[in-house]
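1. sequence first, then the predicted structure, then my questions.
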Amino acid sequence: MEIPSLSHIKKELGYLSEKELIELISDLAKFSRDNKAFLYFKLYEKDQPTLFVDSVKEELEDAFQTANTKNYYFAKKAAQAIRRKLNKALKLSKNKADQAELILYFCEKIKLYGYLKFRHPVLTNLFQVQLQKAEKLIEKLDEDLQYDLGVILSELKES
């Protein structure tokens, strides 16, 4: 079976009634936690613009606190798992400022929790790649945000 294009699906959604749309969206939210999270953030982002960033930061903080960093192998695996959570969360937001802020938060925590002390190439590369992603995102922002986030970025690069 060939899946139709997004434009075709949008056109078909235009023919549905409000009740049918609500039922369809509810069914879609039941399929995966990501769909439910996306729907939740989209519904409440107008009232609470920082809700998404705050909840992702809280989730990342919990992951860092429970991570096993006794040796470099477990630290590497934990950092990679936390990065996967971050990447999933980044897909839910199209706001470049939020994405840059979350990536910088991740890098701050990597540094704070001592992942870089192992001097393992995978951990170092993971940190550097995230800094590069943040740098590219920051370049696309307005000047005020560029300065604010640029300060954090330069502090992370110095060490």
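-> Nice, thanks for sending it over.

2. work out for me the element Glu61 sits within.
-> helix 51-66 (DSSP states H and E).

3. what helices or strands is that helix leaning on?
-> Applying 3 or more CB pairs under 8 Å, 6 or more residues apart in numbering; DSSP states H and E, we find helix 51-66 packed against helix 33-44, helix 72-91, helix 96-112. All C-beta atoms are positioned from the backbone trio N, CA, C, and that covers glycine.

4. between it and helix 72-91, how big is the angle?
-> Interaxial angle, helix 51-66 versus helix 72-91 (axes from the mean of the first three to the mean of the last three CA atoms, to 10 degrees): 170 degrees.

5. one step back: mean pLDDT added to the helices and strands packed on helix 51-66, as a markdown table?
-> Putting these into a markdown table (pLDDT from 0 to 100) gives the following:
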| stretch | mean pLDDT |
| --- | --- |
| helix 33-44 | 87 |
| helix 72-91 | 94 |
| helix 96-112 | 95 |
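
6. mean neighbour count and distance to Glu143 for the ones you listed - can I get that in JSON lines?
-> Below are the helices and strands packed on helix 51-66 laid out as JSON lines (neighbours: other CB atoms under 10 Å; distance: least, CB to CB, whole Å):
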{"stretch": "helix 33-44", "mean neighbour count": "14", "distance to Glu143": "27"}
{"stretch": "helix 72-91", "mean neighbour count": "17", "distance to Glu143": "23"}
{"stretch": "helix 96-112", "mean neighbour count": "20", "distance to Glu143": "12"}
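
7. Asn125: which of these is closest?
-> With CB to CB as the criterion, Asn125 lies closest to helix 72-91 of those, at 10.4 Å.

8. what lies in contact with the closest one?
-> For helix 72-91, the external contacting residues (CB atoms under 8 Å, 6 or more residues apart in numbering) are 34, 56, 59-60, 63-64, 67-69, 99, 102-103, 106, 110, 115, 118, 120, 122-123, 126, 130.

9. would you mind writing the CA trace of that helix as PDB?
-> Taking C-alpha atoms only, helix 72-91 is exported to PDB below (Å, rounded to 0.1, in the frame of the first residue of the first chain):
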ATOM      1  CA  TYR A  72      33.700   5.400  31.100                       C
ATOM      2  CA  TYR A  73      31.700   2.600  29.500                       C
ATOM      3  CA  PHE A  74      28.600   3.200  31.500                       C
ATOM      4  CA  ALA A  75      29.100   7.000  31.300                       C
ATOM      5  CA  LYS A  76      29.300   6.700  27.500                       C
ATOM      6  CA  LYS A  77      26.100   4.600  27.300                       C
ATOM      7  CA  ALA A  78      24.200   6.900  29.700                       C
ATOM      8  CA  ALA A  79      25.300  10.000  27.700                       C
ATOM      9  CA  GLN A  80      24.200   8.400  24.400                       C
ATOM     10  CA  ALA A  81      20.800   7.500  25.900                       C
ATOM     11  CA  ILE A  82      20.200  11.000  27.300                       C
ATOM     12  CA  ARG A  83      21.200  12.400  23.900                       C
ATOM     13  CA  ARG A  84      18.600  10.200  22.200                       C
ATOM     14  CA  LYS A  85      16.000  11.600  24.700                       C
ATOM     15  CA  LEU A  86      17.100  15.100  23.800                       C
ATOM     16  CA  ASN A  87      16.900  14.500  20.000                       C
ATOM     17  CA  LYS A  88      13.300  13.100  20.500                       C
ATOM     18  CA  ALA A  89      12.300  16.200  22.400                       C
ATOM     19  CA  LEU A  90      14.000  18.500  19.800                       C
ATOM     20  CA  LYS A  91      11.700  17.000  17.100                       C
END
